[in-house]
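Trainee: the sequence and its predicted three-dimensional model are supplied below.
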Amino acid sequence: ADREPRRATTTLEGALRSRSARGVWGEVELARVLEFSGMMPHVDFVEQRTVGAVIGRRASAASNRDAARGRPDVVIHLPGSGHLALDAKVPLDSYLTAASMGQTREGHESPEDTDGTDDSRRHKLLVAHARALRGHVDALAERHYDKHLNDSPELVVLFIPAEPILAAALDADPGLLEHSLGRGVALTTPSSLLALLRTCATAWARTAVNDDARELLALGRTLY
């Protein structure tokens, strides 16, 4: 019975070796979080659209040319005609290799079957994982989505589809979170992204209530 979770984990890791499979997995996890948040597609957010398509004609031609190169996975609409870019592409090669080594070690029947070499290699892989994630954060920050999206906060959300992936990177690089926020990139996992999206949904609900109240007040004044 103890072998079943390890076998399932190994099967998942093997499937995720393919870049296309990782992309689908990330998209599925992101779609689940968006669904649970209560936000509606094409109303509260749009998927796989270039920044230029989102901002339309309201931006300058030069801005549109620059923005056309950026295609966030999701753009969240914010009250007040604002937008928030969300990216879900995360480098996983080193993490998956390290995770598979950990599962292999758990399958050994005695500690004598392994030595410090495997621990050292796994540590190096996790350091490489953190370095790759930091590099992706820097690349994402250079896209400057906030400068091209109207009334956008100086922030882009990077979605990491599983909590252990981020935890492993933070263990290897404790300064990663502070570095990311300093570059205007918020690292989120399913739980933290859900909290963020629920906050956005609540803001939309309050905005709708305020708009209805102003409309009723204007109507009352007209009738008076």
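Mentor: Arrived safely, thanks for sending.
Trainee: where do the helices of the protein begin and end?
Mentor: Defined through DSSP state H, the helices belonging to the chain, from first to last, are 3-15, 19-37, 51-55, 61-67, 93-106, 116-141, 145-148, 163-172, 176-182, 190-223.
Trainee: next, the buried residues of the shortest one.
Mentor: Which is helix 145-148. Of the residues in helix 145-148, those scored as buried under the neighbour-count criterion (16 or more other CB atoms under 10 Å) are 145, 146, 148. For the C-beta atoms, the positions are set from N, CA and C on the backbone; glycine is no exception.
Trainee: quick one: the second one from residue 156, how far?
Mentor: If I follow you right, that is residue 146. To residue 156, residue 146 is 7 Å away according to CB to CB, to the nearest Å.
Trainee: what do the two both touch?
Mentor: Where contact means CB atoms under 8 Å, 6 or more residues apart in numbering, the residues bridging residue 146 and residue 156 through contact with each are 85, 184.
Trainee: contacts for stretch 125-144, please.
Mentor: Defining contact as CB under 8 Å, 6+ apart, one finds that stretch 125-144 is touched by 69-70, 87, 89-95, 97-98, 101, 156, 158, 168-173, 176, 179-180, 183-185, 187.
Trainee: what about 6 Å?
Mentor: Applying CB atoms under 6 Å, 6 or more residues apart in numbering, the external contacts of stretch 125-144 come out as 70, 87, 91, 94-95, 97-98, 156, 168-169, 172-173, 176, 180, 183-185.
Trainee: and it, what's buried?
Mentor: Under the neighbour-count criterion of 16+ other CB under 10 Å, stretch 125-144 has 125-134, 136-137, 140-141, 143-144 buried.
Trainee: dump the residue contacts of residue 157.
Mentor: Contact partners of residue 157, counting by CB under 6 Å, 6+ apart, are 86, 186, 188.
Trainee: now with 8 Å?
Mentor: Neighbouring residues of residue 157 by CB under 8 Å, 6+ apart: 76, 84, 85, 86, 87, 185, 186, 188, 193, 196.
Trainee: what's the closest of the residues you listed to residue 33?
Mentor: Sorting the contacts of residue 157 by how near they are to residue 33, with CB to CB, puts residue 193 at the top with 5.3 Å.
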